[in-house]
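S.K.: Quick one: sequence and predicted model below, then my questions.
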Amino acid sequence: ESDFDHKWFTVLEQGLRLFQWKQVWLQLHPETKKGVAGANAKHGRANDIMSFAEHVARKTHLDKRTIERGVRIAAMIAPAVVSELTLVNKSKAEKLSDVQKQLLHLIKEPADEQLKIAKLVLGTYVSTLPKLQPIKSVAQAKLFLKHEANIGKYGNYRDHPFIHGDCMDPSIVNQFEDGS
């Protein structure tokens, strides 16, 4: 508990620790599991045991919503992404692992896409397409993958009419999207 009183962890590391802590909490207090507490209250069997997020919020400096988001990120992030983040240097990994907004966007994707997106943001993705600008966000990475898939329809990216343009340039993006 006292570890959370300091900013030693990235958002992802904190979420992973909270997720582990929640698993233990649910073993000790299964009646606080999502859906169970509400059903018990509805049938007159409510108790005074607070939810995991409320308990941790009281014990640490963390906000209840931050705790819930951290647990959700840890539960939904692909294990391969966590492994990838441990393989790259710390400053590169923090571009993704210490930005809650980026992680929340990332976990909306399927596991195999999460890994591709993470590798693009970290700069470890191997693509046949040139990247003229570094990819700095999950949104840019998703856009790059979309364009890579569209260009892949041509068989060879050199045959694509806009391949010499920058895939992140707004004018090129508009041409990709409207098919012109």
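M.R.: Nice, I can see it. Quantities reported herein were computed from a predicted structural model and do not represent experimental measurements.

S.K.: For the closest residue to I77 other than its chain neighbours, list the residues it contacts.
M.R.: Once flanking residues are discounted, I77 sits nearest to I107: 5.5 Å by C-beta to C-beta, 6 or more residues apart in numbering. Any C-beta I mention is one placed from the backbone N, CA and C, and that applies to glycine too. Residues in contact with I107 (C-beta atoms under 8 Å, 6 or more residues apart in numbering) are R72, I73, M76, I77, Q114.

S.K.: And the closest residue to L85 other than its chain neighbours, how far from A118?
M.R.: Distances taken as C-beta to C-beta, 6+ apart put A93 closest to L85, at 4.6 Å, once the chain neighbours are dropped. Computed as C-beta to C-beta, to the nearest Å, the A93 to A118 distance reads 9 Å.

S.K.: Low-confidence stretches in this protein?
M.R.: 1-7, 34-49, 130-132, 152, 154-173, 175-180 (pLDDT under 70).

S.K.: Centre-most residue in it?
M.R.: When C-alpha atoms, centre = their mean is applied to the chain, the residue found nearest the centroid is L103 (2.6 Å).

S.K.: Within the helices and strands, which one has that residue?
M.R.: helix 100-106 (DSSP states H and E).

S.K.: Show the subsequent helix or strand relative to that helix.
M.R.: Once the chain leaves helix 100-106, the next helix or strand it forms, by DSSP H and E, is helix 111-122.

S.K.: contacts for that following helix?
M.R.: Residues outside helix 111-122 that contact it (C-beta under 8 Å, 6+ apart) are 77-78, 80-81, 84-85, 88, 92-93, 95-96, 102, 106-107, 109, 125, 135-138, 140-142, 144-145.

S.K.: Fine by me, thanks again.
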